[in-house]
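1. What shape does this take:
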Amino acid sequence: EYRGLVKHTGGCHCGAVRFEVWASPDLHVFNCNCSICTKKQNRHFIVPASRFKLLKGAENLTTYTFNTHRAQHTFCKTCGVQSFYTPRSNPDGYGIAPHCLDEGTVHSVVLEDINGKEWEKAMKEHKTIRDMSKP
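-> Next up, the predicted model:
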């Protein structure tokens with residue numbers, strides 16, 4: 001267990017992909033305006049890889065990449081839902097979709113807009129995003 005964190009569980013729509021993640025009950029969620037996040041309405045919070053565990057469905061995941069191919073947009077082959085992915089900003093962690101978490105463990109959500117259209121500039125100006133995937 002992690003001090004001050006709770007175990008959230010979640011997954012895709014059809015249930016083929018399930019995971020658990022240790023994070024605060026008060027989530028800091030990014031609302032990115034880059035091309036793919038806009039199209040998918042991808043909102044996510046970031047955790048270190050050590051706090052994420054895929055419980056089932058590895059064989060049911062597929063990955064989409066584009067541009068720099070650093071972000072690994074994983075999604076369920078059956079229902080198409082992206083419940084988590086590896087963000088370009090934090091390749092050592094995961095971006096978790098809060099709307100894919102099971103009910104009962106989230107107390108609050110703070111939404112922060114991030115200018116993914118100007119990704120390099122946004123990362124340079126943001127003081128904490130890169131540290132969010134550090135244990």
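2. pretty sure Ala97 is in contact with Gln82, am I right?
-> Yes - shown here, Ala97 and Gln82 form a contact pair, counting by CB atoms under 8 Å, at 6.4 Å. For glycine as for every other residue, the C-beta is placed from the backbone atoms N, C-alpha and C.
3. what touches both of those two?
-> Asn42 (CB atoms under 8 Å, 6 or more residues apart in numbering).
4. Low-confidence ranges, this protein, go.
-> Along the chain, segments meeting pLDDT under 70 span 1.
5. Just the helices from it, written as ranges.
-> Using DSSP state H, the helices of the chain run over 35-40, 119-125.
6. so what's the spatially most central residue of the chain closest to, chain neighbours aside?
-> Ranked by distance to the mean C-alpha position of the chain (CA atoms, centre = their mean), the top residue is Gly95 at 1.7 Å. Closest residue to Gly95 apart from its sequence neighbours, by CB to CB, 6 or more residues apart in numbering: His44 at 3.6 Å.
7. neighbours around that neighbour, how many?
-> Residues within reach of His44, counting by other CB atoms under 10 Å, total 23.
8. Also the one 5 residues further on?
-> Applying other CB under 10 Å, we find 14 other residues in the vicinity of Ala49.
9. before we move on, what about Thr62?
-> If we define neighbours as other CB under 10 Å, then Thr62 has 11 of them.
10. ok now do the residue nearest to it when sequence neighbours are not counted, which residues does it touch?
-> Setting aside the residues directly before and after it, Thr62 is nearest to Lys77 in space (CB to CB, 6+ apart), at 5.1 Å. Residues in contact with Lys77, defined by CB under 8 Å, 6+ apart, are Ala16, Asn60, Leu61, Thr62.
11. for this protein, what spans make up the strands?
-> For the chain, applying DSSP state E gives strands covering 6-11, 18-23, 26-32, 43-48, 52-56, 61-64, 73-76, 84-85, 93-96, 108-114.
12. Would you convert those strands into TSV that also reports distance to Lys127?
-> Below are these laid out as TSV (distance: least, CB to CB, whole Å):
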stretch	distance to Lys127
strand 6-11	25
strand 18-23	20
strand 26-32	13
strand 43-48	14
strand 52-56	23
strand 61-64	30
strand 73-76	26
strand 84-85	23
strand 93-96	17
strand 108-114	12
